[in-house]
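Visitor: Have a look; sequence and predicted model below, questions after that.
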Amino acid sequence: MKSGIFKDQKVEKVKHYIRSTCQRCTDRSTENINFHKAIVAHYFEARNVEIFYDKSRIEAEIFVGRGYVPITFDCLDLPVMLCSCIKEDQQSMEIYQTYVKDLSTTMALSEGQLQE
């Protein structure tokens, strides 16, 4: 039971990070954009993922049958769509936690929030 609660907290932390970074994505925030693309690529086993924040659209190539097929998701709520792509298995959670940790550290350093 305790590990389930801890896992839920990790999932919620990742989802919160997605929601908060989705609103700040511009051409300058490539780290967050790459994180969002990685979530989609991991969930759908996709390639060539592109996210258009201004249009709330995701375009990717997804493997179907014997090859990749282009697909477009027009999202009513892009952060909700990205959060729904979170896989909750142990390996995926470790990948997400590493991204969040690395990106949080990078953001803190760039904003001068960490001190030696």
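Guide: Arrived safely, thanks for sending.
Visitor: Helix or strand with the lowest mean pLDDT in the chain?
Guide: Within the chain, no helix or strand scores below helix 90-110, which has a mean of 69 by mean pLDDT, DSSP states H and E.
Visitor: any low-confidence regions in this protein?
Guide: By pLDDT under 70, the low-scoring segments of the chain are 1-7, 26-29, 103-116.
Visitor: Tell me which stretches of it form strands.
Guide: For the chain, applying DSSP state E gives strands covering 46-52, 57-64, 67-74.
Visitor: Which residue is the nearest non-sequential neighbour of residue 19?
Guide: residue 79 (4.5 Å; CB to CB, 6 or more residues apart in numbering). (Each C-beta comes from the backbone N, C-alpha and C, glycine too.)
Visitor: and the one you found, how far is that from residue 100?
Guide: Between residue 79 and residue 100 the computed distance is 15 Å (CB to CB, to the nearest Å).
Visitor: got it, and residue 84?
Guide: Residue 84 is 17 Å from residue 100, where distance means CB to CB.
Visitor: Compare neighbour counts for those two and give me the winner.
Guide: Taking neighbours as other CB atoms under 10 Å, residue 84 and residue 100 compare with residue 100 leading, 18 against 12.
Visitor: how about the nearest residue to that one, chain neighbours excluded?
Guide: Nearest residue to residue 100 in three dimensions, chain neighbours excluded: residue 17, at 5.0 Å (CB to CB, 6+ apart).
Visitor: for this structure, which residue is closest to the average position?
Guide: residue 36 (3.2 Å; CA atoms, centre = their mean).
Visitor: how near is that one to residue 91?
Guide: Applying CB to CB, the value for residue 36 to residue 91 is 19 Å.
Visitor: With residue 46 instead?
Guide: Counting by CB to CB, the gap from residue 46 to residue 91 is 18 Å.
Visitor: that older thread, save the strands of the chain as JSON lines, and put in distance to residue 30 and mean neighbour count too.
Guide: Below are these laid out as JSON lines (distance: least, CB to CB, whole Å; neighbours: other CB atoms under 10 Å):
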{"stretch": "strand 46-52", "distance to residue 30": "12", "mean neighbour count": "16"}
{"stretch": "strand 57-64", "distance to residue 30": "17", "mean neighbour count": "17"}
{"stretch": "strand 67-74", "distance to residue 30": "21", "mean neighbour count": "12"}
